[in-house]
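Student: model the structure of this input:
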Amino acid sequence: MTIETVDSIETWIVRAIHGRRSDVSYRGLNDSSFSVSSSLDRVLQSLPGPPRDRNEAEGYMLDSFLRTAKGMLEPMPDEAYPLLARHYGLETLLMDWTHSLGVATFFAYAPFNDHDRAVVEFAPGSMLNLGYVVVIDDGLGLTKRLVAQSAYFFKLLRHTTLEDAFADFEAECAAKSRPMDASLTKFILPRKDRALALRFLRTFNVGYDTLFPDLIGAAQMANLLRNDPDFA
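Tutor: Residues are numbered from 1 along each chain as shown. Model (predicted):
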């Protein structure tokens, strides 16, 4: 994995607004020290005792969600429920990604904390065909949020972090003299540029209210503009 530090947030935002490629995926991290892993993998790694089976844990989480949400869900194909559940916050093995660099930058900077942020750029190449990762796209148009965020999902099949999967793929390519056709880059975004970045993104209509086109998004945007220490 390559790590680069962003020196000019203005140049980065201009690139971000125009950065939308179908062959590259982006994910924002609100702490640059975080690894790229699913919410459920992070939870399982933090639990005491012997390791849990990650697929069994995901099945249990989804069953619990479906029981709790009974009566609130519209009929849809069975394969659509995990996507919908993850997008509304259920801890699963799915990782949210986007084709939009601007959206990823917003999610990296949006939460208030004192950490440097990061945006991860990932081009999976042959990792998709060799059992490292699977992409799960929402061709069903499940929610306005998914559409607004240009969002889709990756799932790691044998690893708990993307960094480990990428390192093993790189080693496999070297061992078998196969071209390395995947790339993984983490761009470090300085904490000091948070307010400037969010204001700049706002001028391009990227904010909670546009990425979450519902009452939750409106409330989150109001909280950011009125109560956030960098804005208040």
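Student: show the backbone phi and psi for Glu172.
Tutor: Here is the backbone geometry of Glu172 (degrees, to the nearest 10): phi -60, psi -40.
Student: which ones are touching it?
Tutor: Applying C-beta atoms under 8 Å, 6 or more residues apart in numbering, we find Glu172 in contact with 130, 178. C-beta: built from backbone N, CA, C; applies to glycine.
Student: so where's the chain shaky on pLDDT?
Tutor: Confidence mapping of the chain against pLDDT under 70 gives the ranges 19-22, 138-143, 232.
Student: what about the strands in it?
Tutor: With DSSP state E as the criterion, the chain has strands at 2-5, 25-29, 94-98, 117-123, 133-136, 151-156, 183-189.
Student: mind giving me the packing neighbours of the fifth one?
Tutor: This points to strand 133-136. strand 151-156 (3 or more C-beta pairs under 8 Å, 6 or more residues apart in numbering; DSSP states H and E).
Student: between the strand it packs on and strand 117-123, how big is the angle?
Tutor: 80 degrees (axes from the mean of the first three to the mean of the last three C-alpha atoms, to 10 degrees).
Student: for strand 151-156, the distance to its chain's centre please.
Tutor: Centroid separation for strand 151-156 versus its chain: 8 Å, with C-alpha atoms, centre = their mean, to the nearest Å.
Student: using PDB, write out every CA atom in stretch 151-163.
Tutor: Output in PDB follows, covering the C-alpha atoms of stretch 151-163 (Å, rounded to 0.1, in the frame of the first residue of the first chain):
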ATOM      1  CA  ALA A 151     -22.400   4.000  -3.000                       C
ATOM      2  CA  TYR A 152     -21.800   0.300  -3.300                       C
ATOM      3  CA  PHE A 153     -20.100  -2.400  -1.200                       C
ATOM      4  CA  PHE A 154     -17.000  -4.500  -1.000                       C
ATOM      5  CA  LYS A 155     -16.700  -7.700   1.100                       C
ATOM      6  CA  LEU A 156     -13.400  -9.300   2.000                       C
ATOM      7  CA  LEU A 157     -13.700 -13.100   1.600                       C
ATOM      8  CA  ARG A 158     -10.700 -14.400   3.500                       C
ATOM      9  CA  HIS A 159      -9.100 -11.400   5.300                       C
ATOM     10  CA  THR A 160     -10.300  -8.900   8.000                       C
ATOM     11  CA  THR A 161      -8.400  -5.900   6.600                       C
ATOM     12  CA  LEU A 162      -8.000  -4.700   3.000                       C
ATOM     13  CA  GLU A 163      -4.300  -4.000   3.700                       C
END
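Student: residues contacting Ala148?
Tutor: Ala148 sits next to 210-213 when contact means C-beta under 8 Å, 6+ apart.
Student: for Pro82, same thing?
Tutor: Pro82 neighbours (C-beta under 8 Å, 6+ apart): 58, 62, 92, 94.
Student: just those residues: which are in helices?
Tutor: 58, 62 (DSSP state H).
Student: can you show me the helices along this protein?
Tutor: 9-18, 39-46, 54-68, 80-87, 101-109, 144-148, 162-175, 194-203, 208-211, 215-227.
Student: JSON lines for the ones you listed, including distance to Ser25?
Tutor: Below are the helices of the chain laid out as JSON lines (distance: least, C-beta to C-beta, whole Å):
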{"stretch": "helix 9-18", "distance to Ser25": "14"}
{"stretch": "helix 39-46", "distance to Ser25": "17"}
{"stretch": "helix 54-68", "distance to Ser25": "21"}
{"stretch": "helix 80-87", "distance to Ser25": "16"}
{"stretch": "helix 101-109", "distance to Ser25": "9"}
{"stretch": "helix 144-148", "distance to Ser25": "14"}
{"stretch": "helix 162-175", "distance to Ser25": "10"}
{"stretch": "helix 194-203", "distance to Ser25": "19"}
{"stretch": "helix 208-211", "distance to Ser25": "17"}
{"stretch": "helix 215-227", "distance to Ser25": "23"}
